[in-house]
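In: Need a 3D model of the following:
(one chain, ligands or ions: 1)
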Amino acid sequence: MSEYKLSKESVLQALSHVEEPDLKRDIVSLNMVKDIQLGIDQVRFTVVLTTPACPLKEVIRKRCEDAIHSHIGANIEVTIDMTSDVTSTRNNAPVLPGVKNIIAVSSGKGGVGKSTVTANLAVALHKSGAKVGIIDADIYGPSIPTMFGAEDMQPMISQVNGQNRLQPIQQFGIKLLSMGFLVAPGQAIIWRGTMAGRALQQFFSDADWGELDYLLIDMPPGTGDIHLTLVQTVPVTGAIIVTTPQKVALADATKGLAMFRQPQINVPVLGVIENMSYFTPAELPNSQYFIFGKGGGKQLADMFSVPLLGQIPLVQSIREAGDEGRPAINSTEPLVSDAFRSTAEALAQHVAIRNATLDRTQRVEVA
Ligand SMILES: Nc1ncnc2c1ncn2[C@@H]1O[C@H](COP(=O)(O)OP(=O)(O)OP(=O)(O)O)[C@@H](O)[C@H]1O
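Out: Residues are numbered from 1 along each chain as shown. Have a look, this model is predicted:
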């Protein structure tokens with residue numbers, strides 16, 4: 001006869017001692033524990049995480065096991081099913097209610113690798129189990145179709161509930177729409193201004209995105225009309241800034257970041273991603289050369305009190321993969337895949353923290 005009492009109540013009581021490390025509240029009051037099943041000296045339950053890309057999955061699992069063992073009984077066999085339900089502040093949003101989080105990926109300067117980072121973060125999030133889409137809003141050089149091997153593709157129009165809807169293209173598990181699908185290569189330049197703004201609005205209002213956990217928007221470099229159109233069209237969950245570590249890039253990235261912080265825009269900045277952080281030659285795998293300087297991303301993040309979400313090395317195969325139309329994160333080089341995976345996990349984590357701590361973003365009213 002066991003001396004302890006194994007019941008749904010005692011399990012919940014024990015798990016109420018487990019703190020969600022990011023949200024700093026216990027997992028029972030956060031409603032993360034479901035489906036408790038009991039056997040003789042056995043318990044099985046589900047923990048619903050705030051994102052499938054949760055970097056703390058194993059920490060939470062271990063804390064749950066320890067809590068059952070220390071509060072109920074050391075011999076209890078604990079089985080935990082980890083699932084996720086990505087959080088959102090966009091419930092009942094008038095535009096794209098099925099899209100849980102809209103994330104603007106921005107940079108101060110062109111060529112810092114914003115599209116490369118967007119593409120690989122999207123695939124990393126998808127690989128963790130999330131539903132992901134990309135809008136390539138970079139009118140000056142829409143490179144997402146090339147990076148996904150979709151240059152020759154065209155989104156189809158289909159009828160949904162009696163209305164014509166643009167169907168995003170699907171490549172490597174990611175739904176995609178790009179300004180590049182609408183114009184012939186080389187024509188993008190005449191698109192500046194209102195036409196580009198209207199196209200972006202249509203990508204939101206006339207496209208059939210279905211249900212997505214994360215919709216990443218690859219923004220043009222700098223600060224411009226498209227940024228204003230974006231925040232006037234949809235409430236943006238948060239923005240990330242991609243920069244290289246060197247001084248000239250940082251100066252521009254500072255302006256890009258400050259724009260989202262302006263009171264009339266007021267989009268939460270989720271963090272900074274430093275790209276081309278260091279170079280490691282294949283023949284010297286333990287060396288790091290700081291070609292573009294060192295620590296710039298951290299400096300920018302600290303200046304604005306936001307997290308540095310990740311540092312991506314400068315690797316020849318990242319450039320090659322982009323040119324060849326396949327995501328570099330699928331590479332077998334751990335240096336590359338680990339960098340993108342851990343950065344995507346940090347992003348998902350900070351989206352969850354933002355959703356738990358801040359109100360929904362307000363769409364900017366047109367003056
Ligand atoms: N970490 C990296 N290692 C090696 N090459 C990279 C890396 N990041 C980006 N690149 C390469 O640098 C070039 C510019 O990258 P990308 O097009 O992603 O930049 P961008 O910031 O989106 O540019 P723009 O906004 O001007 O279109 C591409 O050829 C890309 O393959």
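In: Please name the residues that touch Arg354.
Out: Arg354 sits next to 89, 237-238, 268, 270 when contact means C-beta atoms under 8 Å, 6 or more residues apart in numbering. Glycine gets a C-beta too; all of them are placed from N, C-alpha and C.
In: What about these, which are in helices?
Out: Nothing among the contacts of Arg354 maps onto helices, per DSSP state H.
In: and which of those is nearest to the ligand?
Out: Leu270 (17.8 Å; C-beta to the nearest ligand atom).
In: Out of the contacts of Arg354, which is nearest to Ala53?
Out: Taking C-beta to C-beta as the measure, Ala53 lies nearest Leu270 of those, at 13.4 Å.
In: In contact with the residue nearest to that closest one when sequence neighbours are not counted, which residues are there?
Out: Setting aside the residues directly before and after it, Leu270 is nearest to Gly238 in space (C-beta to C-beta, 6 or more residues apart in numbering), at 4.0 Å. Listed by C-beta under 8 Å, 6+ apart, the contact set of Gly238 reads 101, 103-104, 267-270, 350-351, 354, 361.
In: could you redo the last one with a cut-off of 7 Å?
Out: By C-beta atoms under 7 Å, 6 or more residues apart in numbering, the residues touching Gly238 are 103, 267-270, 351, 354.
In: Val160 too?
Out: Asp208.
In: So which of the contacts of Gly238 wins on neighbours?
Out: Val351 (29 neighbours; other C-beta atoms under 10 Å).
In: Tell me the confidence at that residue?
Out: Model confidence at Val351, given as pLDDT, is 97.
In: Give me the distance between it and the ligand.
Out: Distance of Val351 to the ligand, given as C-beta to the nearest ligand atom, to the nearest Å: 21 Å.
In: three-state assignment of that residue?
Out: Under DSSP: H, G, I helix; E, B strand; the rest coil, Val351 falls in the helix class.
In: do the same with the one 10 residues further on
Out: Classification of Thr361 by three-state DSSP places it in coil.
In: Now it. Nearest residue, chain neighbours left out?
Out: That would be Pro235: by C-beta to C-beta, 6+ apart, it lies 4.1 Å from Thr361.
In: can I assume that neighbour is in contact with Gln362?
Out: Yes: counting by C-beta atoms under 7 Å, Gln362 is a contact partner of Pro235 at 6.1 Å.
In: Neighbour count for these two, which is higher?
Out: Pro235 (17 against 11).
In: Return the distance of the more buried one relative to Ser88.
Out: Relative to Ser88, Pro235 is positioned 11 Å away (C-beta to C-beta, to the nearest Å).
In: go on, Pro285?
Out: 41 Å.
In: So for these two, which residue has more residues nearby?
Out: The residue with more neighbours, out of Pro285 and Ser88, is Ser88; 18 against 10, by other C-beta under 10 Å.
In: Test my guess that that one contacts Gly98.
Out: No: counting by C-beta under 7 Å, Ser88 does not reach Gly98; the two are 10.0 Å apart.
In: now the closest residue to Lys8 other than its chain neighbours, what's its secondary structure?
Out: Excluding its sequence neighbours, the residue lying closest to Lys8 (C-beta to C-beta, 6+ apart) is Ile36, at 4.9 Å. Here Ile36 is recorded as strand under three-state DSSP.
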